[in-house]
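Peer 1: here you go, sequence then predicted model.
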Amino acid sequence: MNHPRINHALAALLLGLISTATAQADDKALAYVSNQDGGVSVIDLATLETTGNLDIDAKGPRGIGVTADGKMLITANKDDGNISIIDTASKQVRHVKIGKNPEFVRVYGDRAYVTYEPSAKSGPPPKSGSEAAKEDDDEDKIPGRIAIVDLKKGKVIREIIGKPETEGVEFSKDGKQMIVTNESDNSITVHDMKSGKLLKNIPVGVYGERPRGIKVAPDGLSYVTTLEMSDKLLVLDSQMAPVKVIDTGKAPYGVSYDADGKRLFVATSKQKALQVYDAATMQKIKDIPTGDRCWHFSFTPDGQNILLACGKSNEVVVIDTTKLEVTKRIADKEMPWGIVTFPKSLGSLDRP
């Protein structure tokens with residue numbers, strides 16, 4: 001005998017499974033690209049074609065991040081001194097005032113961590129010994145900051161005082177610490193995630209100048225940072241003690257391990273190459289020719305490709321992670337700076 005309650009329960013369960021499967025099938029893997037001279041372009045990762053643009057209602061987007069559920073996209077807008085919080089479904093935009101020169105955005109849970117520089121100047125450092133360099137001395141002494149934004153409330157809930165020119169941001173594997181590179185201070189600082197308290201200051205000037213990108217290894221046992229003005233990569237252990245310096249191409253910037261931590265990828269912006277290293281030995285595997293001034297990159301969620309934003313050649317370069325070769329160039333960008341994907345994947349600006 002059939003029981004009506006059981007039949008109804010089975011029908012509801014089947015309907016739920018079908019609805020879930022349909023929703024998953026409709027979900028597309030996407031890449032979001034921040035363009036300094038435009039807004040945010042959207043790339044369909046199934047076709048590797050640009051499918052549209054998001055109006056962020058602000059100028060000069062650089063840093064970019066996305067929430068784990070893909071519902072909110074965040075950009076740091078240099079010219080307007082704010083961030084845009086974009087609802088990816090409705091395309092509605094909210095703005096949160098940050099301060100001068102916001103650059104990096106990292107999203108952790110329902111919070112965004114945004115580095116900015118209260119000094120009025122931004123851009124590459126002037127040549128050593130020049131008059132402009134002397135004028136920059138005072139600017140370089142002004143501490144940078146990390147604004148912590150509650151994305152649901154749409155407001156800054158705390159600020160962490162950093163060192164001069166806060167730059168890249170990374171989180172320890174356990175999520176208890178935030179690691180920040182401080183460009184003009186030639187240092188790396190470690191902060192408690194809950195309180196923002198400074199836990200450790202690591203001077204790196206003896207190894208090289210201008211730390212920019214920072215990335216933790218997938219196993220959490222080491223970190224790497226790029227030293228842009230010295231053409232070097234610094235390897236640190238889990239306690240942030242420097243252990244090795246590696247020569248790179250000119251002006252290393254964005255950096256990331258692959259998902260299993262076996263290879264390390266470095267975007268050398270003036271070398272016009274994505275360099276690949278064996279993560280265990282730090283021996284170089286290959287230089288992959290790219291475009292001009294490629295700053296940041298992301299793996300696709302399936303790990304099969306890398307998408308590299310090349311600002312001065314106005315393109316996103318697609319690289320096959322097995323062949324380590326360029327397979328496509330997605331043109332018509334407006335000085336692309338950063339790139340993240342949904343579902344979230346590893347890259348110089350993000351990790352799952």
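Peer 2: Everything's here; your move.
Peer 1: can you give me phi and psi for Gly63?
Peer 2: Gly63 adopts backbone torsions of phi -60, psi 150, taken as degrees, to the nearest 10.
Peer 1: need the pLDDT of it.
Peer 2: What the model reports as pLDDT for Gly63 is 97.
Peer 1: got the domain boundaries for this structure?
Peer 2: 30-164, 176-247, 258-344 (automatic domain parsing).
Peer 1: in terms of mean pLDDT, which of the ones you listed ranks lowest?
Peer 2: Among the domains of the chain, domain 30-164 carries the lowest mean pLDDT (a mean of 88).
Peer 1: please state the offset of that domain from the chain centre?
Peer 2: 10 Å (C-alpha atoms, centre = their mean, to the nearest Å).
Peer 1: equivalent analysis for stretch 280-300, please.
Peer 2: For stretch 280-300 - counting by C-alpha atoms, centre = their mean - the centre lies 15 Å from the chain centre.
Peer 1: one step back: now the domains of the chain as CSV including distance to Glu170 and mean neighbour count?
Peer 2: For the C-beta atoms, the positions are set from N, CA and C on the backbone; glycine is no exception. Output for the domains of the chain, formatted as CSV (distance: least, C-beta to C-beta, whole Å; neighbours: other C-beta atoms under 10 Å):
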stretch, distance to Glu170, mean neighbour count
domain 30-164, 7, 18
domain 176-247, 4, 19
domain 258-344, 14, 20
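Peer 1: rebuild the ones you listed as JSON lines, extending it with distance to Pro352.
Peer 2: Shown next, in JSON lines, are these (distance: least, C-beta to C-beta, whole Å):
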{"stretch": "domain 30-164", "distance to Pro352": "8"}
{"stretch": "domain 176-247", "distance to Pro352": "10"}
{"stretch": "domain 258-344", "distance to Pro352": "5"}
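Peer 1: which among those domains is found nearest to Asp350?
Peer 2: Asp350 lies closest to domain 258-344 among those, at 4.7 Å (C-beta to C-beta).
Peer 1: how about Leu73, what does it touch?
Peer 2: Tyr32, Val40, Leu54, Ile64, Gly65, Val66, Thr67, Ile85, Ile86, Thr88 (C-beta atoms under 8 Å, 6 or more residues apart in numbering).
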